[in-house]
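Undergrad: attaching a predicted model along with its sequence, questions to come.
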Amino acid sequence: MAATSQSWGDGMSSDNIKGLVLALSSSLFIGASFIVKKKGLKKAGASGIRAGLGVGGYSYLYEPLWWVGMITMIVGEIANFAAYAFAPAILVTPLGALSIIISAVLAHIILHERLHIFGILGCALCVVGSTTIVLHAPQERDIESVIEVWNLATDPAFLLYAALVITAVFVLIFQFIPEYGQTHIMVYIGVCSLVGSLSVMSVKALGIALKLTLSGMNQLIYPQTWFFTLIVFTCVITQMNYLNKALDTFNTAVVSPIYYVMFTSLTILASVIMFKDWDRQNPTQIVTEMCGFVTILSGTFLLHKTKDMGDGLTTSMSLRLPKHTDEDGFRSEGIPLKRQDSMRTP
């Protein structure tokens, strides 16, 4: 276990290298899955029933292309799951920035969602920020039993965080989604990100348990292992449901970066509270990590704003060409075309 806690300054341990490779592979699969699933949702939308609208809004489940995207995402999530067993969450999670780049580039090529020069700069900033965090990641905590993880999860500070997250999720689902889900992107993504921060902590706990089991220390005999498994499945299903609704309602190039920023921020916060990552670092390392994270945020902000520029151009063209429609049937602000058409003067 000592090798797993070796710092980057002393050289990469074999476990850190495994975690890094798995995290990069995960981002590749997940970034591509956004595009494939979006294509599947668009094909399902041709039937007149969308994932986030109306009665029977789950017709995309009958679309093979959507399932290809889902399988691709599952492969990416499995790789991500394995990465958490080898490396700290603060190292693994920010590498999801690569999925933003892949998603933005593929959306430009396949979905014809325009990527401006500042969007390319945003991608570069994401890479620089991710590299900075990777090079200054904290040492992994030495854990020899799932019971140790359980003690960390039942610490009063983390229990308070979990209670606040669960409360916020229920408020968003039952109060805000019915009224604002179709017009405010932060509602769906807020649910995904909040639940995601808990799922990552459970995934890391389960990954550690499986890793220890495979090394000869059976952790499957502890009920805590199965409790973490239940939490993982519950959170992942919830995330996928509301992420599908966000992708079906809003533009992919907007959903991906915003989801990444919120999910990563909350996951880092949860990891700091539960695993006390920063207790093993000096102030210089912490500040450097925060600078890297701010760099990533700047990159995602540029990707978001350049998409706004593209939407502004599309809106301008639509004023000159009344019959022009967005490829997914929605304007940038998420208002269905039917509703907009009904507001026009005959």
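TA: Arrived safely, thanks for sending. Numbering: from 1, shown residues only.

Undergrad: just checking, what packs against the helix or strand harbouring S193?
TA: For S193, the host element (DSSP states H and E) is helix 185-214. Where contact means 3 or more CB pairs under 8 Å, 6 or more residues apart in numbering; DSSP states H and E, helix 185-214 is packed against helix 64-86, helix 89-92, helix 146-153, helix 156-171, helix 177-180, helix 223-249, helix 252-274. Quick note: C-beta positions are derived from backbone N, CA and C, even for glycine.

Undergrad: how far does the longest one sit from the chain's center?
TA: Right, the one you point to is helix 223-249. Remark: helix 223-249 is offset 12 Å from the chain centroid, using CA atoms, centre = their mean, to the nearest Å.

Undergrad: tell me the contacts of the residue nearest to A85 when sequence neighbours are not counted?
TA: Nearest non-adjacent residue to A85, counting by CB to CB, 6 or more residues apart in numbering: G207, 3.2 Å away. Contacts for G207 were tallied using CB atoms under 8 Å, 6 or more residues apart in numbering; they are 81-82, 84-85.

Undergrad: do C123 as well
TA: Residues in contact with C123 (CB under 8 Å, 6+ apart) are 100-101, 104-105, 299, 303.

Undergrad: now swap in L98 and tell me
TA: Shown in contact with L98 (CB under 8 Å, 6+ apart): 24, 27-28, 31, 126-127, 130.

Undergrad: quickly note the distance from it to L164.
TA: 30 Å (CB to CB, to the nearest Å).

Undergrad: now swap in N218 and tell me
TA: From N218 to L164 the distance is 34 Å (CB to CB).

Undergrad: tell me where the stretch 1-150 of the chain has helices.
TA: Secondary structure of the stretch 1-150 of the chain (DSSP state H, counting those that start in this stretch): helices at 14-45, 64-86, 89-92, 97-109, 117-135, 146-153.

Undergrad: looking at those helices, which is buried most?
TA: Of all the helices of the stretch 1-150 of the chain, helix 89-92 has the most neighbours on average by mean count of other CB atoms under 10 Å, namely a mean of 27.

Undergrad: which helices and strands does that one pack with?
TA: Partner elements for helix 89-92 (3+ CB pairs under 8 Å, 6+ apart): helix 14-45, helix 64-86, helix 117-135, helix 185-214, helix 252-274.

Undergrad: nearest to F228, out of those?
TA: For F228, the closest of these is helix 185-214, at 4.4 Å, according to CB to CB.

Undergrad: re the thing from before, can you lay out the contacts of G207 as TSV showing distance to A153 and pLDDT?
TA: Listed next are these as TSV, based on distance: CB to CB, whole Å; pLDDT from 0 to 100:
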residue	distance to A153	pLDDT
F81	17	85
A82	20	89
Y84	14	89
A85	16	86
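
Undergrad: follow-up on the earlier one: as a markdown table, the helices of the stretch 1-150 of the chain with distance to P223 would be great.
TA: Shown next, in a markdown table, are the helices of the stretch 1-150 of the chain (distance: least, CB to CB, whole Å):
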| stretch | distance to P223 |
| --- | --- |
| helix 14-45 | 27 |
| helix 64-86 | 20 |
| helix 89-92 | 24 |
| helix 97-109 | 34 |
| helix 117-135 | 35 |
| helix 146-153 | 9 |
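
Undergrad: which of the three states applies to G299?
TA: Following DSSP: H, G, I helix; E, B strand; the rest coil, the label given to G299 is helix.

Undergrad: I figured it hits C126, correct?
TA: Yes: under the criterion of CB atoms under 8 Å, G299 makes contact with C126 at 3.9 Å.

Undergrad: okay, the residue lying closest to K39 once chain neighbours are set aside: pLDDT?
TA: Spatially, and ignoring its direct neighbours in sequence, K39 is nearest to L65 (5.5 Å; CB to CB, 6+ apart). On pLDDT, L65 comes in at 84.

Undergrad: from T72, how far off is L65?
TA: Taken as CB to CB, the span from L65 to T72 is 11 Å.

Undergrad: overlap of the contact sets of these two?
TA: In contact with both L65 and T72: V36, using CB under 8 Å, 6+ apart.

Undergrad: which residues touch the one residue sitting closest to the centre of the chain?
TA: The residue lying closest to the centre of the chain (CA atoms, centre = their mean) is Y260, at 4.6 Å. Residues in contact with Y260, defined by CB under 8 Å, 6+ apart, are 96-97, 99-100, 300.
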